[in-house]
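*Asks:* I'd like to go over a predicted model; first the sequence, then the structure.
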Amino acid sequence: MTDDAARFWSKVDVRGPNECWNWKAGRFTTGYGAFSFRGRAWHAPRVAYTLAKGEIPDGKLVMHSCDNPLCCNPAHISAGTNADNSADMAAKGRACQGDDHWTRQRPEDLPHGADVVGAVLDANLVKHIRAEYAKGCGSDQIAEELGINKSTVHRAATGKTWKHIEMDPAHVPLPGEIRRKSFDRTYARGENASHAVVTEEIVRAIRAEYKPGYGELTRLSDKYGIKVCTIDAIVKRRNWKWLN
């Protein structure tokens with residue numbers, strides 16, 4: 001058995017010869033198992049066919065006799081054309097939409113949370129994010145703490161994703177409270193900010209001295225030992241906006 005084969009079958013729940021052998025690892029959002037094979041992500045049933053029966057013929061796709069997208073039992077898998085697959089779907093009543101679609105009929109077969117391929121969160125992290133968000137921490141701060149994307153944090157915190165993890169009522173503050181607390185607690189202003197390079201006194205002095213004209217930003221930069229871009233942001237109030 002090759003290394004790829006050993007790695008693959010270790011992720012399959014191998015049972016009796018006529019039973020479904022369900023995939024146990026990560027899945028695509030379509031419900032099919034995901035496996036890294038030959039340098040890219042494959043649907044697990046395609047890998048099962050290739051390892052057990054050889055290369056999939058050109059122009060063919062892999063079909064299930066059991067209609068179970070998680071199944072990797074080679075006895076349940078065959079190669080066929082798109083026309084074969086469509087005819088099989090129609091014969092089995094699977095060419096359905098809306099509430100009759102398999103995703104509505106068998107939602108338990110859909111991957112959730114950490115089972116989705118590419119997931120960067122797990123249930124414990126989601127609970128932590130929601131708890132911190134409810135305390136008033138902004139998405140920026142939580143994202144920086146965890147080293148993940150801000151939008152990923154915000155969608156998990158507000159329940160737009162990970163909907164199968166029930167929202168604790170204590171973790172759902174009113175929007176106004178979130179905004180207020182987020183500003184008060186997350187963003188230190190002025191010279192209290194960790195990246196501050198000037199003080200309130202210097203900002204007032206720069207704004208008082210500034211006179212529009214060629215070379216003025218450079219003059220102030222040389223005088224106060226601050227970058228020209230920082231001087232420009234100060235006088236145009238792109239930073240220190242709250243200071244009159």
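*Replies:* Sure thing, it's come through.

*Asks:* make it CA atoms for all contacts and neighbour counts henceforth
*Replies:* Will do.

*Asks:* surely Met63 is in a strand?
*Replies:* Yes: residue state for Met63 (DSSP: H, G, I helix; E, B strand; the rest coil) corresponds to a strand.

*Asks:* is it true that it touches Ala83?
*Replies:* No: using Cα atoms under 8 Å, Met63 is not in contact with Ala83, being 11.4 Å away.

*Asks:* which one's more surrounded, these two?
*Replies:* Comparing Met63 with Ala83 by other Cα atoms under 10 Å, the one with more neighbours is Met63, at 23 against 10.

*Asks:* state the distance from the more buried one to Arg46.
*Replies:* From Met63 over to Arg46 the distance is 9 Å, taken as Cα to Cα, to the nearest Å.

*Asks:* now the helices for this structure?
*Replies:* Chain-ordered helices for the chain, with DSSP state H as the definition, fall at 3-9, 44-53, 82-91, 102-105, 123-135, 139-146, 150-157, 175-186, 200-209, 216-224, 228-235.

*Asks:* deepest-packed of those helices, please.
*Replies:* Counting by mean count of other Cα atoms under 10 Å, helix 44-53 has the highest mean neighbour count of the helices of the chain, with a mean of 21.

*Asks:* list the helices and strands it packs on?
*Replies:* The criterion is 3 or more Cα pairs under 8 Å, 6 or more residues apart in numbering; DSSP states H and E, and the helices and strands that helix 44-53 contacts are strand 34-37, strand 61-64, strand 77-80.

*Asks:* right, and these - which one's nearest Gly213?
*Replies:* strand 34-37 (60.9 Å; Cα to Cα).

*Asks:* buried residues, the closest one. List them.
*Replies:* Along strand 34-37, the positions that meet the burial threshold by neighbour count (16 or more other Cα atoms under 10 Å) are Ala34, Phe35.

*Asks:* how far is that strand from where the chain is centred?
*Replies:* 19 Å (Cα atoms, centre = their mean, to the nearest Å).

*Asks:* by contact count, what packs against that strand?
*Replies:* strand 40-43, helix 44-53.

*Asks:* ranking the ones you listed by mean pLDDT, which is last?
*Replies:* Among those, strand 40-43 carries the lowest mean pLDDT, at a mean of 91.

*Asks:* what residues sit buried inside that strand?
*Replies:* Under the neighbour-count criterion of 16+ other Cα under 10 Å, strand 40-43 has Trp42, His43 buried.

*Asks:* please save the CA atoms from that strand in CSV.
*Replies:* Output for strand 40-43, consisting of C-alpha atoms alone and laid out as CSV, is shown next (Å, rounded to 0.1, in the frame of the first residue of the first chain):
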residue,chain,number,x,y,z
ARG,A,40,-4.5,19.3,-5.1
ALA,A,41,-7.7,18.7,-3.2
TRP,A,42,-9.8,15.8,-4.6
HIS,A,43,-13.3,14.6,-3.8
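
*Asks:* and that strand, what other elements does it pack with?
*Replies:* Secondary structure elements in contact with strand 40-43, counted by 3+ Cα pairs under 8 Å, 6+ apart, are strand 34-37.

*Asks:* any idea of the mean pLDDT for the strand it packs on?
*Replies:* Per-residue pLDDT over strand 34-37 has a mean of 92.

*Asks:* and stretch 75-94, by the same measure?
*Replies:* Averaging pLDDT along stretch 75-94 gives 82.

*Asks:* quick one: contacts of it?
*Replies:* Outside stretch 75-94, the residues within contact range by Cα atoms under 8 Å, 6 or more residues apart in numbering are 17-18, 20, 45, 49, 56-57, 59-66, 95, 101-102.

*Asks:* what about the nearest residue to Arg15 once chain neighbours are set aside, neighbour count?
*Replies:* In space, and not counting its chain neighbours, Arg15 is closest to Trp21: 5.9 Å by Cα to Cα, 6 or more residues apart in numbering. For Trp21, the tally of surrounding residues (other Cα under 10 Å) stands at 21.
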